[in-house]
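Colleague: coordinates only, no sequence provided:
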């Protein structure tokens, strides 16, 4: 999956906890020896189209974490195959999908018996400048290893596809070379622990204005602290529970705001009875001016805040009503 634009903020550099390293590079050969047996190449097809990607074995029984866009072509009766690092293969089935976060879990028919499970790390402990290694199958080249550093943290990367935009929330930016086929593969720290799911790359337009196809040192991974609970829920139930702020909003264009005497922001079209927004005192007709301290300029910010609730995050909303500004804290609730 390719994207050609990013947004978000860089986190301040810091010293990682849990013994993380900020040396120049990882011992990639050691990381590869430990990590590659837990990484698979995924082939997906439906008779008319096909593609390859990557995944990581995350639990006993052959459960593999990957990107939804890697396996979506096989979602309607297609075929899935996983190839292990030793070249052996197994058919696989889809356990569950979450297109909104571009995550999915599949299960190898052979249960990945005697295959090692990748060890989970923590994306929360990452620091800008920390070395990382990407494991996967770029362009179908299985068991490929590339190394780099964490270039930035807390990126928001919208990724269009299958008629719906996925949102990479709190994404890890890395300059480890990532190309098509790396999607769904592992981004690991120097201890070989999973810290992210490689998902997207930014590309530079060519002379015709079209996106290029190769790595330019701007890769993005879904942080493991977001991916792990989603994967656990997919394994347990086959679905993912999403959260809501209980309000529908629409962006106010600058000209419309000026003509109506409204502040720039997001116009509240409606609120759900008894929902988080109503409980916090927000009503239809209010204008949301800030979300978590940032100017409210896009309805996608509400979606991002709702996805972030998977990690238990509250949302701070500043809104204006009749010229008076108020700030409230909302606790998103599970969608019914």
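Modeller: Yep, that arrived. Keep in mind that this is a model prediction, so the values were computed, not measured.

Colleague: contacting residues for the closest residue to residue 115 other than its chain neighbours?
Modeller: If the residues on either side of it in the chain are set aside, residue 115 comes closest to residue 57, at 5.6 Å by C-beta to C-beta, 6 or more residues apart in numbering. In this view, the C-beta of every residue, glycine as well, is placed from N, C-alpha and C. With contacts defined as C-beta atoms under 8 Å, 6 or more residues apart in numbering, residue 57 is in contact with 38, 39, 40, 63, 64, 108, 112, 115, 116, 117, 118.

Colleague: can you list the strands that the helix or strand encompassing residue 57 pairs with?
Modeller: With secondary structure defined by DSSP states H and E, residue 57 is part of strand 50-59. Each strand that pairs with strand 50-59, with its direction, by DSSP bridges: strand 39-45 (antiparallel), strand 63-66 (antiparallel).

Colleague: just the terminal-to-terminal distance for stretch 134-141.
Modeller: 13 Å (C-alpha to C-alpha, to the nearest Å).

Colleague: excluding its backbone neighbours, what's nearest residue 252?
Modeller: residue 267 (5.1 Å).

Colleague: which residues pair with that neighbour across the strands?
Modeller: Counting by DSSP bridges, residue 267 forms beta bridges with residue 250, residue 287.

Colleague: now residue 81
Modeller: residue 43, residue 91.

Colleague: any idea of the pLDDT on it?
Modeller: Note for residue 81: predicted pLDDT of 98.

Colleague: please apply the same query to residue 142.
Modeller: Predicted confidence (pLDDT) for residue 142: 89.

Colleague: likewise for the one 4 residues further on?
Modeller: In this model, residue 146 is scored at 95, pLDDT.

Colleague: now it: closest residue in space that isn't a chain neighbour?
Modeller: Leaving aside its sequence neighbours, residue 146 is closest to residue 177 (4.1 Å, by C-beta to C-beta, 6+ apart).

Colleague: what's near enough to touch the one you found?
Modeller: By C-beta under 8 Å, 6+ apart, the contact set of residue 177 is 134, 138, 146, 148, 215, 217, 219.

Colleague: got the angle for the host helix or strand of residue 31 vs strand 50-59?
Modeller: Take DSSP H and E as the rule and residue 31 turns out to sit in helix 28-35. Angle, helix 28-35 to strand 50-59, by axes from the mean of the first three to the mean of the last three C-alpha atoms, to 10 degrees: 80 degrees.
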